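Take a look and give me a structure for this.
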Amino acid sequence: MKFSLIFFSNSYPDDAGGAYGAISEFARFGDDHGFEAVWVPERHFHSMGGIYPDPAVMAAYLAAITKKIRLRAGSIVVPLHHPASIVESWSMVDNMSHGRVDLALASGWNVNDFVLAPEAYGDLRGIWLARVAEIRALWAGRPQTYRNGAGKDIQITTHPRPVQPEPDLWLTATKQPETFRTAGEMGMNVLTMLAGISLEQLAEKTRLYRAGRASAGLDPDGGTVSLMLHTYVHEDPESVHNAVRAPFLQYIRTSLLSHLQGGAVDAGRSLSDEEIDEMAEYSFERYFETAALFGTVDQTRRFALEAERAGVDEIACLLDYGPSLSDIRANLPYLAELKKSFETADAGYQ
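Numbering: from 1, shown residues only. So this is what the prediction gives:
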């Protein structure tokens with residue numbers, strides 16, 4: 001099992017250095033302690049993740065202050081951008097980081113995000129998958145044909161040329177099982193989360209992913225399934241519950257309102273504050289027990305092993321869902337111990 005760090009949601013009001021100072025601190029910790037990667041999302045027009053409108057800018061900043069950790073887009077909302085623009089930006093980061101860029105590519109879902117590309121919303125899935133091939137071709141230096149401002153089709157290649165001949169690519173997949181198979185067929189990795197499903201249900205999707213790879217003539221055991229999990233590890237179980245309960249409830253409320261705003265949840269009727277609170281309470285209890293990396297090192301190791309049996313190769317540890325900076329910092333040494341327990345055969349763990 002590999003471990004990486006992922007950011008997704010909130011700002012850091014208690015950090016005198018600003019949100020990006022906190023992120024740089026955590027990225028340095030990951031770099032110093034051998035974490036696989038740091039993931040930066042693309043989010044727009046909402047307090048939930050609004051500090052991450054451009055993951056390439058954030059990754060360029062992190063490239064200058066880290067040495068080994070991979071810098072991953074987690075994820076680029078592909079239909080919002082021209083493929084050439086994606087490759088240009090991330091080729092710059094690949095040069096700045098000496099070849100440490102990986103890309104997760106998503107379709108997007110929030111209708112309000114598509115003020116950036118309103119014409120793409122009606123066929124966002126088709127555009128998403130079609131542009132994967134264009135991104136791969138442009139990255140490799142193969143000319144692609146696009147229409148210029150005069151209405152003429154021309155061939156272009158992008159610059160600067162990246163350091164890596166091709167980046168590792170993830171397809172971001174959550175609810176639709178066929179997306180897992182498609183990722184396998186395309187020879188891509190998968191970034192996913194437990195969005196209302198159990199590890200047992202995720203195992204069914206990872207089997208589809210492996211089947212997709214096999215059908216494309218690829219090693220079915222190759223590729224990486226990365227699972228994002230809300231994370232808080234500590235030696236004291238009561239400290240875990242106290243640290244995560246209030247911020248996680250607020251995170252769920254904010255996420256639900258974001259989904260209502262973005263059209264991912266049926267907004268045919270409005271939800272009362274009481275209904276939202278009930279949904280948040282229910283979600284918290286489910287997540288805390290069965291869908292998050294919450295607990296002691298021993299407890300979270302057992303959960304990580306269950307995820308491994310479900311076909312997960314890497315856990316992307318979500319840090320910024322609302323805990324205070326002091327709590328996130330307190331969690332990091334235990335998280336590093338958890339990661340180390342999977343690397344050291346004689347660590348004494350079963």
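
how about the closest residue to Ala310 other than its chain neighbours, what does it touch?
Spatial nearest neighbour of Ala310, chain neighbours left out: Ala203 (4.0 Å); criterion: C-beta to C-beta, 6 or more residues apart in numbering. Placement of C-beta: from N, CA and C, glycine included. By C-beta atoms under 8 Å, 6 or more residues apart in numbering, the contact set of Ala203 is 309-311.

Any of these buried? List them.
Using 16 or more other C-beta atoms under 10 Å as the burial test, these include 310-311 as buried.

contacting residues for Val233?
The neighbours of Val233, taking C-beta under 8 Å, 6+ apart as the test, are 240, 293-297, 300, 331, 334-335, 337-338.

Relative to Asn110, which of those residues is nearest.
Leu293 (25.9 Å; C-beta to C-beta).

Show me which positions of stretch 160-178 end up buried.
For stretch 160-178, by 16+ other C-beta under 10 Å, it's 162-164, 167-174.

can you give me the end-to-end distance of it?
35 Å (C-alpha to C-alpha, to the nearest Å).

And it, how far out from the chain middle?
A distance of 12 Å separates the centroid of the chain from that of stretch 160-178, by C-alpha atoms, centre = their mean, to the nearest Å.

about what we covered before: can you put the contacts of Val233 in TSV and add pLDDT and distance to Gly50?
Listed next are those as TSV, based on pLDDT from 0 to 100; distance: C-beta to C-beta, whole Å:
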residue	pLDDT	distance to Gly50
Val240	93	28
Leu293	96	25
Phe294	95	25
Gly295	96	30
Thr296	97	33
Val297	97	33
Thr300	97	29
Asn331	96	24
Tyr334	98	29
Leu335	98	26
Glu337	98	33
Leu338	98	30
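
Tell me which two of those sit farthest apart.
Phe294 and Glu337 (15.2 Å).

which of those two has more neighbours?
For Phe294 and Glu337, the more surrounded residue by other C-beta atoms under 10 Å is Phe294, and the numbers stand at 25 against 17.

Provide a list of residues in contact with the more buried one.
230-233, 240-241, 244, 287-288, 300.

among the residues you listed, which one has the lowest pLDDT?
Lowest in pLDDT among the contacts of Phe294 is Tyr287, which has 80.

How about that residue: what's its closest non-neighbour residue?
His230 (6.5 Å).

That neighbour and Ser283, how far apart?
11 Å (C-beta to C-beta, to the nearest Å).

Between those two, which has more neighbouring residues?
His230 (26 against 19).

Name the SS class of the more buried one, please.
strand (DSSP: H, G, I helix; E, B strand; the rest coil).

Wait, it touches Phe284, no?
No. Here His230 does not reach Phe284: they are 10.2 Å apart, not a contact under C-beta atoms under 8 Å.

what do these two both touch?
Going by C-beta under 8 Å, 6+ apart, residues that sit against His230 and also against Phe284 are Phe248.

Apart from its chain neighbours, what residue comes closest to the one residue sitting closest to the centre of the chain?
By C-alpha atoms, centre = their mean, the chain has its centre lying nearest to Gly74, at 3.8 Å. Nearest non-adjacent residue to Gly74, counting by C-beta to C-beta, 6+ apart: Trp39, 3.1 Å away.
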